[in-house]
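> Fold the following for me, if possible:
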Amino acid sequence: MFTGIVEALGEVVAVRDHGTNRTFTIRAAMAGELKVDQSVAHDGVCLTVVAVQEDRYEVTAVLETLSRTNLGTWAPGSPVGLERCLLTGDFIDARKACDAGMVAEVTADGQALPTALAMANRIAANSPLAVALAKDAALVSFETPLAQGLEHEKRNFLVALRSADNLEGQAAFLSKRTPHFTGQ
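Residues are numbered from 1 along each chain as shown. Sure thing, here's the model as predicted:
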């Protein structure tokens with residue numbers, strides 16, 4: 001999370017495409033304060049610093065970020081509003097963000113996509129009904145008071161408990177076999 005207060009203005013000085021990702025070199029007075037793996041909001045978009053050199057640093061945006069934000073329009077000379085982390089007012093690196101529960105996992109350079117795909121495969125191996133109910137409960141929790149969110153989660157748990165997938169999961173466990181979930 002960030003302050004929402006643009007504290008400095010940077011400038012895009014170079015843009016490099018590699019695959020579907022795009023790396024931006026930003027010139028900013030604060031570059032000397034930055035370290036690799038720190039998060040900084042750029043025009044409201046959180047990006048991780050991947051390199052620092054004197055008065056400039058680099059960040060990389062993936063295709064999804066480029067398609068959903070204004071970053072896809074950035075070119076050399078584009079101004080960029082820069083913000084620090086809300087929690088401390090400091091820049092925060094990936095490890096600290098993970099320790100604070102702001103991100104789920106930090107991967108080695110170049111391993112984000114394989115790690116995300118492995119996680120997606122683990123999720124997809126579970127009951128589609130249970131996954132949908134868990135996702136629903138999580139989304140509802142963002143928009144409701146705690147008591148109401150917990151009540152919603154309890155209702156979803158009871159739906160899952162009465163499902164054919166629950167029975168299949170128990171039978172597979174007892175038989176020491178892989179379950180074959182149907183989403184029912």
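> Tell me who's in contact with the closest residue to G81 other than its chain neighbours.
Once flanking residues are discounted, G81 sits nearest to V6: 3.7 Å by CB to CB, 6 or more residues apart in numbering. For the C-beta atoms, the positions are set from N, CA and C on the backbone; glycine is no exception. Residues near V6 by CB atoms under 8 Å, 6 or more residues apart in numbering: G81, L82, E83.
> Next: T178.
Residues in contact with T178 (CB under 8 Å, 6+ apart) are A172.
> quick one: what helix or strand has it in it?
Per DSSP states H and E, T178 falls between elements, in no helix or strand.
> what separates it from A125, distance-wise?
Shown here: T178 relative to A125, a distance of 8 Å by CB to CB, to the nearest Å.
> what about G81, neighbour count?
For G81, the neighbour count with other CB atoms under 10 Å is 15.
> what pairs with it across the strands?
Per DSSP bridges, the residues bridged to G81 are L9.
> Touching, it and A28? I think so.
No. Look at G81 against A28 with CB atoms under 8 Å: they stay out of range, at 10.5 Å.
> Next, show the common contact partners of these two.
With CB under 8 Å, 6+ apart as the test, G81 and A28 both reach A8, L9, G10.
> Please check those and keep the buried ones.
Among those, the ones that count as buried by 16 or more other CB atoms under 10 Å are G10.
> Throw the shared contacts of G81 and A28 into JSON lines and include pLDDT, thanks.
Shown next, in JSON lines, are the shared contacts of G81 and A28 (pLDDT from 0 to 100):
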{"residue": "A8", "pLDDT": "83"}
{"residue": "L9", "pLDDT": "91"}
{"residue": "G10", "pLDDT": "93"}
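> R68: which of the shared contacts of G81 and A28 is nearest?
Proximity of those to R68 (CB to CB) peaks at G10, which lies at 20.7 Å.
> wait, is K35 part of a helix?
No. Counting by DSSP: H, G, I helix; E, B strand; the rest coil, K35 is not found in a helix; it is coil.
> Does it touch A51 like I think?
No. The pair formed by K35 and A51 falls short of the contact definition of CB under 8 Å, at 10.4 Å.
> more crowded one of those two?
A51 (13 against 10).
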